[in-house]
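> Provide a 3D model corresponding to the input given below.
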Amino acid sequence: MNQHLSPDAKETTVRPKPFRKAVLKGLALIAPPLLTLVLFLWAWNTIEGYILRPLENTARYMIFVSINDIKTETPGRPVGASGDSVGRQKFADEKGSVWVKIRNKYIPVEVYEWVESRSGDEAPATATAYYFRYIETSYLRRTVVIPVFLLVFVLALYVLGKFIAAGIGRMIWNSIEQLIARLPIISNVYSSVKQVTDFAFNDSEIQFTRVVAVQYPRKGVWSMGFVTGEGMLDVRRSANEPIVSVLMPTSPMPATGFTIMVPKSETIDLNISMDQAIQFCVSCGVVIPTPQQGTIQVPPPSPATLEVDTGRPSGDGETGQPESHEAEDPRGSSPT
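Next up, the predicted model:
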């Protein structure tokens, strides 16, 4: 069978590989910003759903209670109908204030016209709904609520952090954590989340000075670690040289790991930042920092290392011929 392919057939066979490679490269480029955006959107939706909206509902109800002016009885004489398509009936009281009838209740005409000018085709159905829509569009506009919420949220975090740092605050928080630790399933989840948050935010507890590579757990196997400080005094005295403490993070969760003490001379400083090192660890080595990318020229082995000695040493160590163990006949004749 002829195994030779025409140039067109070879080109057809190889063509899908560059296409697949280009698609994967495009995916690799768009995935980091897309996942970052998804993470921030998820965080914002969580904060909005569980914190911002409950606060908005509480504020809306409190404002409604304070400014509510809904009447259940006819405030006065009829003065015509509203100028919109619905044509709701208007009433004027003895003070000259105008009210609009919404079902069996009456609201001020200012509230009604404000809401109608901003509601479009979906007008509220009840007097209470009109007031809630009025509060949302006048008092609780998102352009005002979000900046105020972020400011209050940051201030609340600051006050909470100061309170926890104080003596009584730390005591109360420790009691809460001890209570959580007694819960069967929640304690496991809480401890894992706490390790991640402590690693990410409590940078005052562990100060990483630089990123190094260490031959660990054996010679020839290089592991990445973070130098946290000098080693213990007894170890430095026994080694009689500078010793450093190195935190060896585990992949893909760098929040956990173990600490080793190695001679400073056996460490290699890596030209990468802490963030790049954490990305390398989280990705299990897939994301290589930019300063560490590239190739190096490895010198070819010398001819001496390529020679393989297949001969056996001789008895006198020079000729390489095997030493005879039979005594030669001095007469040169074979035995009879």
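
> Show the contacting residues for the nearest residue to Val98 once chain neighbours are set aside.
Spatial nearest neighbour of Val98, excluding adjacent residues (CB to CB, 6 or more residues apart in numbering): Val109 at 4.1 Å. Any C-beta I mention is one placed from the backbone N, CA and C, and that applies to glycine too. Each residue near Val109 by CB atoms under 8 Å, 6 or more residues apart in numbering is listed here: 82, 90, 97-100.

> Quick check: Val109 vs Ser119, distance?
According to CB to CB, to the nearest Å, Val109 and Ser119 sit 15 Å apart.

> Tell me which stretches of this structure form strands.
Ranges of strands in the chain, per DSSP state E, are 77-81, 89-92, 98-102, 105-108, 210-215, 222-230, 243-249, 257-263, 267-269.

> List the contacts of the fourth one.
By CB under 8 Å, 6+ apart, the list of residues contacting strand 105-108 from outside reads 69-75, 91, 97-100, 126-127, 130-131.

> run the last query once more with 7 Å
The contact list for strand 105-108 (CB atoms under 7 Å, 6 or more residues apart in numbering) reads 69-72, 75, 91, 97, 99-100, 127, 130-131.

> Could you do the last one as well?
Counting contacts by CB under 7 Å, 6+ apart, the residues outside strand 267-269 that touch it are 210, 212-214, 244.

> Of those, which is the most crowded?
Neighbour count (other CB atoms under 10 Å) singles out Val244 as the most crowded of those, with 23 neighbours.

> Check the contact between it and Phe226; I expect there is one.
No: counting by CB atoms under 7 Å, Val244 does not reach Phe226; the two are 10.4 Å apart.

> in stretch 123-142, what's buried?
123-124, 127, 130-136, 140 (16 or more other CB atoms under 10 Å).

> And the helices in the stretch 51-200 of the chain?
Secondary structure of the stretch 51-200 of the chain (DSSP state H, counting those that start in this stretch): helices at 53-67, 109-119, 127-138, 142-165, 167-181, 186-201.

> can I get the CA coordinates of the first one in CSV?
Once non-C-alpha atoms are left out, helix 53-67 reads as follows in CSV (Å, rounded to 0.1, in the frame of the first residue of the first chain):
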residue,chain,number,x,y,z
ARG,A,53,-31.3,45.2,49.7
PRO,A,54,-32.4,44.4,53.3
LEU,A,55,-31.0,47.8,54.3
GLU,A,56,-32.8,49.5,51.4
ASN,A,57,-36.1,47.8,52.4
THR,A,58,-35.6,48.8,56.0
ALA,A,59,-34.8,52.4,55.0
ARG,A,60,-37.8,52.5,52.6
TYR,A,61,-40.2,51.4,55.3
MET,A,62,-38.8,53.9,57.9
ILE,A,63,-39.1,56.8,55.4
PHE,A,64,-42.6,55.6,54.4
VAL,A,65,-43.7,55.7,58.1
SER,A,66,-42.2,59.2,58.6
ILE,A,67,-43.6,60.8,55.4
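
> Contacts made by it with the rest, please.
For helix 53-67, the external contacting residues (CB under 7 Å, 6+ apart) are 131-132, 135-136, 139-140, 145.

> tell me which of these is nearest to Cys284?
Here the nearest of the contacts of helix 53-67 to Cys284, counting by CB to CB, is Val145; it sits at 42.2 Å.

> what pLDDT does the closest one get?
Per-residue confidence (pLDDT) for Val145: 91.

> And for the closest residue to it other than its chain neighbours, the neighbour number?
In space, Val145 comes closest to Glu56 once its chain neighbours are excluded; the distance is 6.6 Å by CB to CB, 6+ apart. Counted with other CB under 10 Å, the neighbours of Glu56 add up to 17.

> about what we covered before: determine which two of the contacts of strand 105-108 are furthest apart.
With CB to CB as the measure, no two of those lie farther apart than Phe91 and Tyr131, at 17.5 Å.

> I'd like the buried residues of stretch 123-142 written out as TSV, with pLDDT added.
Output for these, formatted as TSV (pLDDT from 0 to 100):
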residue	pLDDT
Ala123	80
Pro124	88
Ala127	92
Tyr130	93
Tyr131	93
Phe132	93
Arg133	92
Tyr134	93
Ile135	94
Glu136	91
Leu140	91
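
> Contacts only, for Glu94.
Gly76.

> Need phi/psi at it.
Dihedral pair for Glu94: phi -70, psi -20, per degrees, to the nearest 10.

> So, low pLDDT: which residues of the stretch 101-250 of the chain?
For the stretch 101-250 of the chain, the stretches with pLDDT under 70 are 121, 199-200, 202-208.
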